[in-house]
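Colleague: below is the sequence, then the predicted model.
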Amino acid sequence: MAQRVVKNVENDYLICSICLGRYENPKLLPCGHTFCRQCLNDHITLTVTDRAAEGFNCPNDRSLVKRPKVGLHPRQWADAYPTDTFLISLVKAVVSHEEGGTPPDGSDSVKGSSSNNAQTTNTENAGTVNGPRCDKHPDRSLEFFCLGCSISICPFCAVREHRKRTCECVSLVDAMERQRPRIQALKRRFESQIQKIRRMNSGEGILSGTFTNSKERALNTLNDIEGKLGTFFQVILQQVEILRQQVNEATVNYAGENQQLNAVLANIESTKLSFENMCNINHNADVLNILPRMETQADEFDTAMQAANQTAGMQLDVVTNTAFDSFIRNPPQVGTIKISRGGGGRNNTRRPANRREQSRSNQFSGSQAQEYQRQTSTGAVRPTQTPRPLREPRQTRTLSKVNVKAATEGVSSWHMTGVVFVGTSIVATDRVNQMIRQVSISSHALNLTLPIESPVSICNASVPTEVAVTQPEKRTISIISTERGLNVKGIVRTNKAYEGIAQMPSGDFVVSCTQGRMSIDIIDRGGHVLKSIERSHAFRCPRFLSVTSTGSVVVSDKEQKHVVCVNFSTSQLEWTYSTPCSPWGLACDQNGKIFVCLDNNSVQVISEGGQLLQDKFISERDGIKTPYAICARQGQIAMTEFGPSLFVPNSAFVFIAKFNN
């Protein structure tokens with residue numbers, strides 16, 4: 001039975017339709033057909049006579065296959081197409097089975113395994129399955145691993161069910177080698193988590209970075225209060241010293257301002273001067289005669305002094321401020337410490353939480369936060385409020401679609417990787433046919449094209465009639481004008497191969513790099529990097545991005561199946577929203593809504609706070625097949641689709657949805 005199954009697999013999937021032999025170095029064409037490299041090269045050499053030809057006809061369905069790269073000689077076309085690694089692994093598995101060995105888990109053990117396994121394997125147990133078995137085909141063992149679906153599969157499942165564009169089937173050993181960095185990183189992550197918890201238990205560290213930042217803010221608040229108290233204390237001491245001086249000077253000030261005392265003083269001084277003159281000039285007998293009269297005058301001066309003294313019987317007191325006195329006796333409480341502890345989980349309760357959702361601390365819950373207070377004479381920390389999940393009533397909308405294919409075009413496949421609104425038209429990037437397309441969405445006819453090498457994403461520019469297009473293979477961003485047809489107005493040279501692009505409120509561009517050191521960068525119109533956030537646990541494959549009404553950047557990550565929101569002004573992650581499947585394009589409108597294209601033929605609507613508003617705003621019932629790129633404006637969105645094919649994009653339609661905000 002096993003021999004019959006292997007024979008069927010070979011006849012159905014491993015035979016080149018040109019040489020009718022088993023594949024040797026198979027090459028995968030954009031139309032989805034595979035041929036031997038030499039067979040494909042011979043076919044191109046025989047059929048392509050013009051070096052400037054746009055392509056050649058597929059040997060199977062005769063459809064036009066675009067040349068792999070402009071300027072490449074036809075003799076080099078076959079080498080430029082990608083190698084079908086899955087068919088290579090499948091061929092090696094069949095060869096190993098024919099030689100009597102077990103299906104190989106790696107690419108290097110095909111030939112060497114036959115001699116060793118021949119000693120322990122005979123014809124009686126050739127169909128026996130060792131190791132884990134396939135759930136759908138119990139008689140087959142799990143020999144391959146789909147990197148796109150993250151599941152171990154048998155050869156039948158690999159051939160029949162895992163041929164989508166998101167699937168990549170490799171042997172188990174190859175998968176282990178490719179996933180080994182993730183495995184090691186996960187082990188290190190677990191160890192780091194254990195160490196952090198131990199430090200937390202010992203009081204040495206805090207797991208939450210947000211808590212650490214809030215602690216620093218609280219300590220700064222206390223330092224500020226302490227500084228204000230020092231200033232307050234100095235002011236009070238100065239006021240006390242001023243009052244003390246006023247008490248000491250009160251008697252002198254009141255006496256100096258008494259006019260009666262001043263008059264008595266003048267009389268005493270005059271009388272004293274006269275008496276001294278008499279004593280010096282007159283005879284002794286005269287002095288003795290006037291002495292009683294002078295003593296009487298002195299007694300009168302004493303009486304006048306007592307009568308003129310206004311301070312006699314006066315009292316001096318300090319009248320305190322009653323409010324200040326009450327403040328000193330009963331000082332008010334400076335503040336409180338308020339800690340908010342939020343719950344886990346997200347608004348989408350229909351889907352069970354996975355390991356990523358359970359570990360994210362920045363997702364919100366509908367339950368109220370548990371709070372407690374400690375009354376102390378310290379400053380107060382205001383907690384971050386946990387918003388409730390939002391649900392909006394389903395909106396009424398109308399859906400239409402436009403065909404970007406020109407009447408005279410002879411192409412059969414398209415891939416609209418980006419789309420934007422420009423006035424009453426849409427402008428899209430066609431990566432397969434390497435051109436920019438502009439099509440009217442109103443009554444008047446408009447269908448323009450502009451050949452451009454390797455366009456990927458597109459966004460509106462500062463001028464309403466201009467758009468910016470990324471060309472990662474050339475490491476450039478082209479500024480396209482739509483005012484009088486489609487024309488290249490300018491070129492921005494970059495140091496990285498950027499794919500996604502959106503415009504910031506400042507006029508700069510936010511771009512995503514998915515090659516080499518993956519990152520999200522903000523660049524100016526000269527291509528200089530102003531800010532950069534490199535790949536981290538928050539995102540691993542930042543392809544599509546958009547900008548919210550508040551200036552934050554939202555990014556879709558198909559590898560981790562979530563959407564993240566990043567604030568570049570603080571370089572902080574604001575929130576993370578998990579999607580039920582891989583997200584593709586996303587777009588923000590002016591009313592705080594984010595439209596996310598999903599791999600399950602639907603479009604979700606979430607808020608700028610990361611909360612689900614509408615689950616299936618666009619669904620498969622609307623006729624769209626895998627929405628890919630998307631743009632939004634007031635009450636309107638435009639979406640491209642990948643199409644119904646599992647292997648290559650083949651849709652020339654752009655869907656337009658109108659709705660009430």
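Modeller: Cool, got the structure.
Colleague: what packs against the helix or strand hosting Gly227?
Modeller: Assigned by DSSP states H and E, Gly227 belongs to helix 209-256. Counting contacts by 3 or more Cβ pairs under 8 Å, 6 or more residues apart in numbering; DSSP states H and E, helix 209-256 packs against no other helix or strand. Quick note: C-beta positions are derived from backbone N, CA and C, even for glycine.
Colleague: and after that helix, which helix or strand comes next?
Modeller: helix 259-281.
Colleague: so how many other residues sit close to the residue nearest to Leu573 when sequence neighbours are not counted?
Modeller: Closest residue to Leu573 apart from its sequence neighbours, by Cβ to Cβ, 6 or more residues apart in numbering: Ala538 at 5.2 Å. Ala538: 19 surrounding residues under other Cβ atoms under 10 Å.
Colleague: measure how the helix holding Gly227 sits relative to helix 259-281, angle-wise.
Modeller: Interaxial angle of helix 209-256 relative to helix 259-281 (axes from the mean of the first three to the mean of the last three Cα atoms, to 10 degrees): 50 degrees.
Colleague: look up how far Glu559 lies from the residue nearest to Leu573.
Modeller: Distance check for Ala538 against Glu559: by Cβ to Cβ, to the nearest Å, it reads 12 Å.
Colleague: Phe655 too?
Modeller: Looking at Phe655 against Glu559, where the rule is Cβ to Cβ, the gap reads 26 Å.
Colleague: one more: Gln179?
Modeller: Gln179 is 12 Å from Glu559, by Cβ to Cβ.
Colleague: how about Gln260?
Modeller: To Glu559, Gln260 is 101 Å away according to Cβ to Cβ.
Colleague: before we move on, what about Ala587?
Modeller: If you go by Cβ to Cβ, the gap between Ala587 and Glu559 works out to 20 Å.
Colleague: for the two, indicate the residue with more neighbours.
Modeller: Ala587 (27 against 14).
Colleague: and the closest residue to the more buried one other than its chain neighbours, which of the three is it?
Modeller: Spatially, and ignoring its direct neighbours in sequence, Ala587 is nearest to Ala632 (3.9 Å; Cβ to Cβ, 6+ apart). Three-state assignment for Ala632 (DSSP: H, G, I helix; E, B strand; the rest coil): strand.
Colleague: is it true that Ala632 touches Asp589?
Modeller: Yes. Ala632 sits in contact with Asp589 when judged by Cβ atoms under 8 Å, with a separation of 4.1 Å.
Colleague: what's the overlap in contacts for those two?
Modeller: Counting by Cβ atoms under 8 Å, 6 or more residues apart in numbering, the residues touching both Ala632 and Asp589 are Phe595.
Colleague: okay, now Pro30: neighbour count?
Modeller: As a burial measure, Pro30 scores 22 neighbours (other Cβ under 10 Å).
Colleague: who touches it in this structure?
Modeller: Residues near Pro30 by Cβ under 8 Å, 6+ apart: 65-66, 413, 432, 648.
Colleague: who are the contact partners of Asp317?
Modeller: Listed by Cβ under 8 Å, 6+ apart, Asp317 has no contact partners.
Colleague: likewise Thr271?
Modeller: 294, 297, 301.
Colleague: now these in a markdown table, with neighbour count, secondary structure and pLDDT?
Modeller: Output for the contacts of Thr271, formatted as a markdown table (neighbours: other Cβ atoms under 10 Å; DSSP: H, G, I helix; E, B strand; the rest coil; pLDDT from 0 to 100):
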| residue | neighbour count | secondary structure | pLDDT |
| --- | --- | --- | --- |
| Met294 | 16 | helix | 84 |
| Gln297 | 16 | helix | 85 |
| Phe301 | 16 | helix | 84 |
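Colleague: excluding its backbone neighbours, what's nearest Glu559?
Modeller: That would be Cys541: by Cβ to Cβ, 6+ apart, it lies 4.2 Å from Glu559.
Colleague: so who does Val419 touch?
Modeller: 426-429, 458, 629-631, 638-640, 654.
Colleague: and the residue nearest to Ala587, what's its pLDDT?
Modeller: Looking at Ala632, its pLDDT reads 95.
Colleague: count of neighbours near it?
Modeller: 23.
Colleague: now do it against Leu261, distance only.
Modeller: The value you get for Ala632 to Leu261, if Cβ to Cβ is used, is 92 Å.
Colleague: ok, Glu641 next?
Modeller: Glu641 is 108 Å from Leu261, by Cβ to Cβ.
Colleague: any weak-confidence spans in the stretch 301-450 of the chain?
Modeller: 308-314, 340-395, 443-444 (pLDDT under 70).
Colleague: what residues are up against the nearest residue to Asp79 once chain neighbours are set aside?
Modeller: By the measure of Cβ to Cβ, 6+ apart, the closest residue to Asp79 outside its immediate chain neighbours is Arg37, 7.0 Å from it. Counting by Cβ under 8 Å, 6+ apart, Arg37 touches 24-27, 78-79.
Colleague: in the stretch 401-550 of the chain, which spans are strands?
Modeller: 416-422, 425-430, 435-440, 447-451, 458-460, 466-471, 476-481, 487-493, 498-503, 509-513, 519-523, 529-534, 542-547 (DSSP state E, counting those that start in this stretch).
Colleague: what lines up beside the fourth one in the sheet?
Modeller: It refers to strand 447-451. Partner strands and pairing direction for strand 447-451 (DSSP bridges) are strand 435-440 (antiparallel).
Colleague: between strand 476-481 and the strand it pairs with, find me the angle.
Modeller: Using the same axes, to 10 degrees, strand 435-440 lies at 30 degrees relative to strand 476-481.
Colleague: residues contacting strand 435-440, please?
Modeller: By Cβ under 8 Å, 6+ apart, strand 435-440 touches 402-404, 416, 422, 424-430, 446-452, 455, 458, 469, 480, 482, 486, 654.
Colleague: how far does it sit from the chain's center?
Modeller: 30 Å (Cα atoms, centre = their mean, to the nearest Å).
Colleague: relative to strand 466-471, how tilted is that strand?
Modeller: 150 degrees.
Colleague: buried set for strand 435-440?
Modeller: 435-439 (16 or more other Cβ atoms under 10 Å).
Colleague: also stretch 496-505?
Modeller: Neighbour-count burial for stretch 496-505 flags 496-503 (criterion: 16+ other Cβ under 10 Å).
Colleague: what are the bridge partners for the residue nearest to Ala587, then?
Modeller: According to DSSP bridges, beta-bridge pairing links Ala632 with Ile637.
Colleague: for Gly335, same thing?
Modeller: Under the criterion used (DSSP bridges), Gly335 bridges to Thr376, Ser377.
Colleague: no more questions from me, cheers.
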